[in-house]
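Chemist: please work out how this folds:
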Amino acid sequence: VRPGREVVGITVEPESALGRSATHRIAFEAEEAAFHNTKSFTMTLAIAAAAAGGIVGRRDLAPMAWIKRLAAAMDEVLAVGDEAFDALAERLAPARVNLLVARGHHIGVSCQAALDLQEGMCLAALAVPGGLLRHGPMELVRLPDSAVILMIPTDHMAATTLQAAADLLETGARVVALVEDGVS
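Modeler: Numbering: from 1, shown residues only. You can find the predicted model right below:
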């Protein structure tokens, strides 16, 4: 960091190198829940959004509302029932390599999910932008110990992504599709 630059440090360790070198230090506590970075990642995103909003003078950003929506969504996901998660686990368990395919704002989700699978489960996981699937990554999912997880939003590319899923299934690939409401 160049001298004289403003540095906002968001950390659970105020005395870390980041904390000590920050012009503005935002410290928070995070007791880990599910695996290594669950709470700290969520809190870091919320604090980073709030800090960025403050720096640029935006008062219309609402990270607390985002966290509440996230909590409500988690409740909805958990209400699905164990049988759905068991089916997913059975489908993905034999895979040593997992490709998480996403587009748009879901690319960040796929990157974090890949990192979480690497850290928490010691699996080889790669985030793949949807537009690149039909190139090198398509060859990887043909391996018998691989799987592809497609995140499909309701948008103008949903039909194309569903076609890619169908094409993968025809080759015998292990495929899981996580779809938004409205995509069948």
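Chemist: which helix or strand in the chain has the lowest average pLDDT?
Modeler: Scoring the helices and strands of the chain by mean pLDDT, DSSP states H and E places helix 38-55 at the bottom, with a mean of 64.
Chemist: any regions of this protein where pLDDT drops low?
Modeler: With pLDDT under 70 as the threshold, the chain has low-confidence stretches at 1, 28-64, 66-67.
Chemist: residue boundaries of the strands in it?
Modeler: 8-11, 24-27, 97-102, 124-129, 146-152, 174-179 (DSSP state E).
Chemist: and the third one, what other elements does it pack with?
Modeler: So that's strand 97-102. Applying 3 or more CB pairs under 8 Å, 6 or more residues apart in numbering; DSSP states H and E, we find strand 97-102 packed against helix 106-121, strand 124-129, helix 136-140, strand 146-152. The C-beta positions use only the backbone N, C-alpha and C, and glycine is treated the same way.
Chemist: cool, the longest one as well?
Modeler: The helices and strands touching strand 146-152, judged by 3+ CB pairs under 8 Å, 6+ apart, are helix 82-92, strand 97-102, helix 106-121, helix 158-170, strand 174-179.
Chemist: many thanks, I have nothing further to ask.
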